[in-house]
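Student: For reference, the sequence and a predicted model appear below.
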Amino acid sequence: MQVCLASTSPARLMLLRQAGIEPVTLAPAVDEEAVIAETEAREQRILPPAEHVLLLARLKAADVARRVREEHPGFEGVVIGGDSMFELDGTVYGKPYTPEAATERWTGMRGRTGVLHSGHSVFLVTGDDEPVEAHAVAEAAVTFAADVDDAEIAAYVATGEPLHVAGAFTVDSLGGAFIERVEGDPSTVVGMSLSTVRRLVRELGVAWPTLWNRAA
């Protein structure tokens with residue numbers, strides 16, 4: 001069984017590699033902002049975080065599942081797509097992108113607990129049959145240290161690490177020292193819940209160990 005990661009996220013790639021899987025990677029051609037805006041306009045409501053991340057995860061995986069046979073002839077296996085958002089007191093945060101936004105986020109997050117919502121979609125691609133899918137949302141609560149001072153925030157933001165990750169933090173790199181507790185699958189906070197992906201793979205009739213292709 002082969003694995004294709006429908007993402008260019010270094011964190012998701014790292015997680016799969018640590019789990020013994022060396023995937024091929026394809027960047028999904030999905031205009032995320034346009035998709036969400038169109039869906040919310042059509043349904044005349046704001047999508048809650050779980051629906052938001054699941055919609056994007058499914059669209060990303062579906063796009064790559066359609067393309068993978070063309071770009072990687074002979075591919076047969078699973079395509080994994082994901083999306084994440086961070087929610088704090090009912091407000092949803094994506095990537096801050098600017099140092100000013102990241103600083104404001106961290107000033108407001110210290111000493112508090114938020115929820116990381118992570119959507120997962122797995123497509124099984126075999127032969128000439130239409131791909132079949134399984135999907136789910138995983139959540140993990142993240143508590144930030146209350147004593148993170150302004151100088152630490154400034155130094156962290158200056159590294160550039162928090163600018164391009166959901167919620168403006170990481171748990172597996174420099175940001176990890178400022179996080180006191182994670183409730184839920186820790187890999188959810190990194191970018192993808194491995195336990196959730198394993199369950200979805202099994203739902204599609206694939207044994208998880210058959211995906212191990214990376215030398216120890």
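Tutor: Thanks, I have it.
Student: Helices of the chain, start to end?
Tutor: Taking DSSP state H, the helices of the chain run over residues 10-18, 32-43, 49-71, 99-109, 150-158, 186-190, 194-203.
Student: Give the buried residues for the worst-scoring helix or strand of the chain on mean pLDDT.
Tutor: Using mean pLDDT, DSSP states H and E, strand 91-93 stands out as the lowest-scoring helix or strand of the chain, at a mean of 87. Within strand 91-93, the residues that count as buried by 16 or more other Cβ atoms under 10 Å are 92-93. Using the backbone N, CA and C atoms, a C-beta is placed for each residue, glycine as well.
Student: And the contacts of that strand?
Tutor: The contact list for strand 91-93 (Cβ atoms under 8 Å, 6 or more residues apart in numbering) reads 49, 52, 85-87, 105, 166-168.
Student: how far does it sit from the chain's center?
Tutor: Centroid separation for strand 91-93 versus its chain: 15 Å, with Cα atoms, centre = their mean, to the nearest Å.
Student: Pull up the pairing partners for that strand, direction included.
Tutor: strand 77-88 (antiparallel) (DSSP bridges).
Student: pLDDT averaged over the strand it pairs with, what's the number?
Tutor: Confidence over strand 77-88, taken as the mean pLDDT, stands at 95.
Student: re the thing from before, which one of the contacts of strand 91-93 has the most neighbours?
Tutor: Taking other Cβ atoms under 10 Å as the neighbour criterion, Gly167 ranks highest of those with 28 neighbours.
Student: Can you point out the buried residues in stretch 174-184?
Tutor: The neighbour-count check on stretch 174-184 (16+ other Cβ under 10 Å) flags 175, 178-179, 182, 184 as buried.
Student: hang on, the earlier thing: need the winner for burial among the helices of the chain.
Tutor: Counting by mean count of other Cβ atoms under 10 Å, helix 186-190 has the highest mean neighbour count of these, with a mean of 24.
Student: list the helices and strands it packs on?
Tutor: helix 10-18, strand 113-125, strand 132-144, helix 194-203 (3 or more Cβ pairs under 8 Å, 6 or more residues apart in numbering; DSSP states H and E).
Student: for the ones you listed, which one sits closest to Trp212?
Tutor: For the helices and strands packed on helix 186-190, the distance to Trp212 is smallest for helix 10-18, at 10.5 Å, taking Cβ to Cβ.
Student: ok, residues contacting the closest one?
Tutor: By Cβ under 8 Å, 6+ apart, helix 10-18 touches 3, 5, 7, 22-23, 25, 80, 82, 165, 170, 172, 187, 190-192, 194, 214.
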